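# turn this into a structure:
(one chain, ligands or ions: 3)
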Amino acid sequence: MKTLASLTLAASLLSLPAFAADKVSFKDPTGDDDGPGTYKYPTDTVYKKGSFDITDVNVEKKGDKLEFTVGVNAALEDPWNMKKGFSTQMVFIFIDTDGKEGSGHTDSPPGLNVQFAPASAWDKLVILSPQEPARVRKEVETKAPGLKGDILIPERTKGAGKKISGAVDAASIKGDPSQWGFQVVMQSNEGFPSGNDLLTRKVNEYEGQHRFGGGNDADCDPQVIDILAGDAKGDATEIKAQHDMLKYECAADGSAKTKATLTMVHAK
Ligand SMILES: [Ca+2]
Ligand SMILES: [Ca+2]
Ligand SMILES: [Ca+2]
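Ligands and ions are numbered 1, 2, ... in the order given. Here you go, the predicted structure:
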């Protein structure tokens, strides 16, 4: 028999408009690690098939930390001896905490060559990189000074099995994760980035030993390999949604005529 106290507690929980969740999860289909549909991996064997293919994303509150875990479709390796359990991947987790049109950033760190729709302007960005946090921080300070106040770099990022994870202080991002918008962008860790690129690997017209192919030699193409799209439940229809979102057009001089424009996904 239920006690009056437990019935009252149940009723009060039900009446809460938005019940804070400690965990938010998304899924992404496999086989869409081709950006807008045309991208090819670099030819060197360290860029293992499936290793840039996002399969799932989990955001979990653990005590005073917020932990981000991104799954890929291949066992992680550390061919460049970065000592973090992975080497070739780099993940950008964009978060829209307020859901307000035009509130936040619509531009991205240099090297991704994407922008965000005003309704999906991001407020915080968590970078999961196999580089030392000090190196990532220095890159952010010199190459994205206007964004640095909203970029968070975990003190420890690690790869194990097929999962890349890192945690930040929960207090550094305000609100309830179940109500936030997310966009997770897979790139490749480039220790010798070109020009002003923030540790990102270039996508060119033709793939090379350390260059993705299927894009453009200039910076009008979105230099991203996999993103979340649609309802982010891993449905095959999300592949087309991703390819549509990453559509771009280059002008004759290599500047962006139409830049790929990202939107957020939401937990449902
Ligand atoms: Ca995927
Ligand atoms: Ca390019
Ligand atoms: Ca995807």
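
# ligand 3 contacts on the stretch 1-150 of the chain?
With CB under 5 Å from the ion as the criterion, the stretch 1-150 of the chain meets ligand 3 at residues 28, 32. In short, each C-beta sits where N, CA and C put it, glycine included.

# how about the strands in the stretch 1-150 of the chain?
23-27, 54-62, 65-72, 89-96, 114-116, 124-128 (DSSP state E, counting those that start in this stretch).

# in the sheet, who's paired with whichever residue of the stretch 51-200 of the chain sits closest to ligand 3?
Nearest residue of the stretch 51-200 of the chain to ligand 3 (CB to the ion) works out as Ile54 at 5.7 Å. Assessed by DSSP bridges, Ile54 has beta-bridge partners Val72.

# one more: the one 5 residues further on?
In this structure, Val59 bridges to Val24, Phe68 when assessed by DSSP bridges.

# tell me how far the residue of the stretch 151-268 of the chain found nearest ligand 1 lies from ligand 3.
In the stretch 151-268 of the chain, the residue that lies nearest ligand 1 is Asp226 (4.6 Å; CB to the ion). To ligand 3, Asp226 is 5 Å away according to CB to the ion, to the nearest Å.

# burial of that residue, as a residue count?
Asp226 has 28 neighbours, counted by other CB atoms under 10 Å.

# and Gly149, by the same measure?
So Gly149, with other CB under 10 Å, has 8 neighbours.

# and it, what's its pLDDT?
If you check Gly149, the pLDDT there is 97.

# just to revisit the earlier point, make sure the residue of the stretch 151-268 of the chain closest to ligand 1 is actually in contact with Gly31.
No: Asp226 lies out of contact with Gly31 (CB atoms under 8 Å); the separation is 9.9 Å.

# what touches both of these two?
Asp53 (CB atoms under 8 Å, 6 or more residues apart in numbering).

# quick check: closest non-adjacent residue to Thr237.
Excluding the flanking residues, the one nearest Thr237 by CB to CB, 6 or more residues apart in numbering is Gly230, at 6.1 Å.

# quick one: the helices in the stretch 1-150 of the chain?
Taking DSSP state H, counting those that start in this stretch, the helices of the stretch 1-150 of the chain run over residues 4-14, 133-143.

# pull out the buried positions in the last one.
Okay, so that is helix 133-143. Going by neighbour count (16 or more other CB atoms under 10 Å), the buried part of helix 133-143 is 136, 139-140, 143.

# who are the packing partners of it?
Packed against helix 133-143, as judged by 3 or more CB pairs under 8 Å, 6 or more residues apart in numbering; DSSP states H and E, are no other helices or strands.

# how far off strand 124-128 does that helix point, in degrees?
Here helix 133-143 points in a direction 130 degrees away from that of strand 124-128 (axes from the mean of the first three to the mean of the last three CA atoms, to 10 degrees).

# what's the angle from helix 133-143 to strand 89-96?
Angle, helix 133-143 to strand 89-96, by the same axes, to 10 degrees: 60 degrees.
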